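K.L.:
only the shape, not the letters, is given here:
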């Protein structure tokens, strides 16, 4: 996926909000995996999630099907 | 997927109509998941769906197989 | 998929013919789903199929494996 | 997939040879489907295969895993 | 996936750190495979992993769902 | 996948080495298929593998998860 990482885009801002709020987030991947944790940062190509065991996972944006805040 | 988000494109307009009408919509993902709800907004890379429990889901357009209005 | 929607391309013309003829068409998706109906329109990113129950389905071209006319 | 459809590329020429020779060809898709037939034409985005029952199938190149001549 | 291989991007730097530290790394692919080993190098399109048997595997970045350091 | 086919890239050179050495190679596809043989050539979009029965297979690079030399 080519993303311009335009921070004015709603989708980018939505992820930025989840980062600022350290909100529990669920991310579903195209593999079918569901990862949960807090989003630490994002860049053009990936999202860094930290789970409850402080394990960092660098998720390729190309592999994401959807994400949702868990405490909505 | 690179989309230019050209609002004159039929596919973009179709989604915009579903947003305006708050029409119940079904979205099938490449993972096989079927999500239903109302589309709140779209941008170049994603679609925001709100389900019956007011849960927001940010769906990557790259992961969409098809969408259809349920009350057609 | 980036498509330039060049209407002189055989693949684009083939789809346009199916639209003009309102020919029953089968579309196989990368999800494994097989959808049948008549193609109403296409744009750069999607194809609109109407099934026998008049249900419209907007199919992302990125999710298409193949299509074939059923009355060939 | 963005292809420039450079006819000097080995992969494009290979497909062109199969078309000229009307050689029986097997195409494996990312869906896991295996289609066999003769390749009629290709353009930038698709390949047209005709099977033994004269059924035309327009295969999106994005969905192809591999192809191979059967009478090699 | 088009990547500009911008070494200032967090995701690129993160991988570079794993390379420098020769840190045990787990890479999950879109096929569902989980590969573990040490990342030797990366370029724009791939990542080279060496497993415990010194077997080199060249992984296409397009096929990566996520990676994570195992000794985090 | 858009590749510039930059022959100075490690991943391109690695494949070129396998071609020069006619080294037995395993290629895993996104379909889950594992193909083995010798790589004959590559271009921007595909890799040509010849198996032990001299069967040529043209593999789309977009469909590759990883490749590895078998006699490493």
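P.N.:
Cool, the structure landed. Since we're looking at a predicted model, the values are computed, not measured. Numbering: from 1, shown residues only, chains lettered A, B, ... in the order given.

K.L.:
which strand is the longest one in chain A?
P.N.:
As assigned by DSSP state E, the longest strand anywhere in chain A is strand A:34-42.

K.L.:
in chain A, which spans are strands?
P.N.:
A:24-29, A:34-42, A:46-50, A:56-60, A:64-69.

K.L.:
give the pairing partners of the longest one; include direction for each.
P.N.:
Looking back up the chat, that one is strand A:34-42. Taking DSSP bridges as the criterion, strand A:34-42 sits next to strand A:24-29 (antiparallel), strand A:46-50 (antiparallel) in its sheet.

K.L.:
mean pLDDT added to these, as JSON lines?
P.N.:
Shown next, in JSON lines, are the strands paired with strand A:34-42 (pLDDT from 0 to 100):
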{"stretch": "strand A:24-29", "mean pLDDT": "98"}
{"stretch": "strand A:46-50", "mean pLDDT": "96"}
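
K.L.:
buried deepest among those, which one?
P.N.:
Burial of those is given as mean neighbour count (mean count of other CB atoms under 10 Å in any protein chain shown); strand A:46-50 ranks first at a mean of 22. All C-beta spots, glycine's among them, are computed from the backbone N, C-alpha and C.

K.L.:
residue closest to the middle of chain A?
P.N.:
Centroid check for chain A by CA atoms, centre = their mean gives residue A:47 as the closest residue, at 4.8 Å.

K.L.:
OK, contacts around it?
P.N.:
Residues in contact with residue A:47 (CB atoms under 8 Å, 6 or more residues apart in numbering or on different chains) are A:15, A:27, A:39, A:41, A:58, A:59, A:61, A:64, A:67.

K.L.:
circling back: just put the strands paired with strand A:34-42 in CSV and tack on distance to residue B:11.
P.N.:
As requested, the strands paired with strand A:34-42 are exported to CSV (distance: least, CB to CB, whole Å):
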stretch, distance to residue B:11
strand A:24-29, 23
strand A:46-50, 26
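
K.L.:
quick one, which of these gets closest to residue D:10.
P.N.:
strand A:46-50 (33.2 Å; CB to CB).

K.L.:
so what's the gap between the closest one and the chain middle?
P.N.:
In terms of CA atoms, centre = their mean, to the nearest Å, the centre of strand A:46-50 is found 6 Å from the chain centre.

K.L.:
can the helix or strand of chain A with the lowest mean pLDDT be found next to chain B?
P.N.:
For chain A, using mean pLDDT, DSSP states H and E, the weakest element among its helices and strands is helix A:10-21, scoring a mean of 93. Yes: residues of helix A:10-21 contacting chain B under CB under 8 Å from any CB of the partner chain: A:10, A:11, A:14, A:15.

K.L.:
need the max-distance pair from the residues you listed.
P.N.:
Using CB to CB, these span at most 9.8 Å, a distance reached by A:10 and A:15.

K.L.:
these two touch, right, residue A:14 and residue B:41?
P.N.:
No: contact criterion CB atoms under 8 Å: residue A:14 and residue B:41 do not qualify, at 9.6 Å.

K.L.:
overlap in contacts, those two.
P.N.:
Common neighbours of residue A:14 and residue B:41 (CB under 8 Å, 6+ apart) are residue B:48.

K.L.:
identify the bridge partners of the closest residue to residue A:68 other than its chain neighbours.
P.N.:
Sequence neighbours aside, residue B:57 is the residue nearest to residue A:68 in space, at 4.6 Å (criterion: CB to CB, 6 or more residues apart in numbering or on different chains). Beta-bridge partners for residue B:57, by DSSP bridges, are residue B:49.

K.L.:
how about the contacts made by the residue nearest to residue A:15 when sequence neighbours are not counted?
P.N.:
Spatial nearest neighbour of residue A:15, chain neighbours left out: residue A:42 (5.2 Å); criterion: CB to CB, 6+ apart. Counting by CB under 8 Å, 6+ apart, residue A:42 touches A:12, A:15, A:16, A:19, A:48, A:61.

K.L.:
of those, which is the nearest to chain D?
P.N.:
Looking at these and their distance to chain D, the nearest is residue A:61, at 18.2 Å (CB to the nearest CB).

K.L.:
please tell me I have it right and the closest one contacts residue A:39.
P.N.:
No: with contacts counted by CB under 8 Å, residue A:61 stays clear of residue A:39, the gap being 11.8 Å.
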